[in-house]
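Visitor: Got a predicted structure plus its sequence, pasted below:
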Amino acid sequence: MEASDKLRDKMKEFEGFRLKAYRDCAGIPTIGVGHTLGVKMGMSITESQAEALFKKDIRVYEAEINRIPEADTQGKFDALVDFAFNCGIGNLLGSTLMKKIRSNAPYPDIREQFLKWNKSGGIIRQGLVKRREWEAERWLEK
């Protein structure tokens, strides 16, 4: 499966689209659409470079989520790609959220686990609250 256009648009909304390096809310140098690998403050890229980085980055998460049999609908797939992109694949795979998914827990339990991932630097971030709510809702969509 591949990330839907709906997800790609939402990720750009959540991450922003910046052509100059900036520090995200966790202080990590970031550029384009949430790209962090090798980013140094002061860097600049073009719009086409940002798009290319985003496509390359998202392919990594698509490959990882395609290994999860429970991500069997576009909605579930998109929800997990977004979560992994934002929180890291290791955090997803080791999370109680993943344990609930693998045990076929009822949706309210899965939703609750998505919503717990709303902090950066120990502070609840409204952007993360909205992002987790979107992922939890997307999980239910076909």
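Guide: Perfect, I can see it now. Numbering: from 1, shown residues only.
Visitor: Would you map the helices across this protein?
Guide: In the chain, the segments counted as helices under DSSP state H are 5-15, 47-65, 74-87, 89-93, 96-102, 107-115, 126-140.
Visitor: Save those helices as JSON lines, and put in mean neighbour count too.
Guide: C-beta: built from backbone N, CA, C; applies to glycine. As requested, these are exported to JSON lines (neighbours: other Cβ atoms under 10 Å):
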{"stretch": "helix 5-15", "mean neighbour count": "17"}
{"stretch": "helix 47-65", "mean neighbour count": "16"}
{"stretch": "helix 74-87", "mean neighbour count": "23"}
{"stretch": "helix 89-93", "mean neighbour count": "16"}
{"stretch": "helix 96-102", "mean neighbour count": "17"}
{"stretch": "helix 107-115", "mean neighbour count": "16"}
{"stretch": "helix 126-140", "mean neighbour count": "18"}
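Visitor: Compare the ones you listed and report which one is nearest to residue 24.
Guide: Among the helices of the chain, the nearest to residue 24 by Cβ to Cβ is helix 5-15 (8.7 Å).
Visitor: Give me the distance from that closest one to the chain's centre.
Guide: Remark: helix 5-15 is offset 9 Å from the chain centroid, using Cα atoms, centre = their mean, to the nearest Å.
Visitor: Can you say which of the helices of the chain is nearest to residue 25?
Guide: Of the helices of the chain, the one closest to residue 25 (Cβ to Cβ) turns out to be helix 126-140, at 7.7 Å.
Visitor: Which other helices and strands does the closest one contact?
Guide: When contacts are defined as 3 or more Cβ pairs under 8 Å, 6 or more residues apart in numbering; DSSP states H and E, helix 126-140 packs onto helix 5-15, helix 74-87, helix 107-115.
Visitor: residues making contact with the longest one?
Guide: Just to be clear, that refers to helix 74-87. Contact with helix 74-87 is made by 1, 3-4, 6-7, 10-11, 14-15, 34, 57-58, 61-62, 64-66, 68, 70-71, 91-92, 97, 114, 117, 128, 131-132, 134-136, 138-142, as judged by Cβ atoms under 8 Å, 6 or more residues apart in numbering.
Visitor: Was I right to think residue 113 contacts residue 97?
Guide: Yes - using Cβ atoms under 8 Å, residue 113 is in contact with residue 97, at 3.7 Å.
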